[in-house]
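> Have a look; sequence and predicted model below, questions after that.
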Amino acid sequence: MTSVRPAPTGNYWNDPNTVSAFAALSAPVYLTNLLCSPVPDGAVALDVGCGTGRNLPSLVAAGFRVLAIDLHPGMLDEARDHHAGPRVALARANVTNMPVADQRASLVVCHGVLHNLHDRDDLGAALRELHRVLAVGGSLSLNTFTAGHLDPCLDSLGDDVYVLPNGQYMTLLTPDDLESLLLGAGLSVCGDVTQYLSPGEPGQRSVWRAILTRV
């Protein structure tokens with residue numbers, strides 16, 4: 001039985017206003033572009049931190065059977081209400097300990113998750129889990145915030161941990177540190193890394209995005 005650790009972000013992700021805001025979003029273009037290639041019969045996509053299910057329709061339409069996990073009941077309830085179906089299985093779980101078989105997913109989607117982890121140790125554990133569940137020859141679509149830009153609204157607690165004015169914690173590594181941890185977990189960047197500033201609540205966040213494969 002997979003244990004679920006309490007979230008360090010207070011009630012932010014279960015707040016009805018947060019849930020409604022995420023429910024209004026659709027899959028990002030960079031993911032839909034990745035889904036243009038033919039998908040083998042029976043292929044599984046794993047959406048880690050699926051939230052309200054914004055990616056699920058696109059993954060199903062591409063031909064995947066989808067496993068979707070999230071830590072927050074409010075988000076999962078919204079996803080179940082609008083995206084449950086015969087090709088979608090949803091579960092509450094932590095990325096550091098996923099109830100998914102080894103090399104089960106030919107595509108793993110992990111967008112906006114890693115920076116919400118407790119600390120650097122949890123982040124390393126999550127990367128090892130992402131490697132474990134990713135099939136040989138599969139792709140990991142990864143998007144996370146980094147310390148490439150640290151907005152003045154962030155209060156440093158030391159050891160790469162920061163807190164927002166609303167009490168939400170983030171673990172933010174430099175891009176070089178992140179890439180070193182990824183490689184140490186057996187994950188290699190395939191192609192280019194995209195980095196940019198994105199609006200946050202409040203301030204701005206430095207986004208790191210790439211496609212990765214098993215080493």
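That came through fine.
> Would you map the helices across the protein?
Under the criterion DSSP state H, helices of the chain are mapped to 16-23, 29-34, 56-61, 73-83, 120-133, 175-184.
> Now do the fifth one: distance to the chain's middle.
It refers to helix 120-133. 12 Å (CA atoms, centre = their mean, to the nearest Å).
> One more: the second one?
Here the centre of helix 29-34 is set off from its chain's centre by 15 Å, with CA atoms, centre = their mean.
> now it: mean pLDDT?
Averaging pLDDT along helix 29-34 yields 96.
> Show me the contact partners of it.
55, 58, 107, 109, 111, 139, 141, 194, 209, 211 (CB atoms under 8 Å, 6 or more residues apart in numbering). The way it works is simple: take the backbone N, C-alpha and C, and place the C-beta from them, glycine included.
> let's see 10 Å
For helix 29-34, the surrounding residues in contact (CB atoms under 10 Å, 6 or more residues apart in numbering) are 26-28, 47, 54-55, 58-59, 61-62, 107, 109, 111, 139, 141, 143, 194, 209, 211.
> So how do I select the buried members of those residues in PyMOL?
PyMOL command restricting those to the buried ones, with burial defined by 16 or more other CB atoms under 10 Å:
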select buried, resi 27+28+47+54+55+58+59+62+107+109+111+139+141+143+209+211
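> quick one: which of the contacts of helix 29-34 sit in strands?
Those of these mapping onto strands are 47, 107, 109, 111, 139, 141, 143, 194, 209, 211, per DSSP state E.
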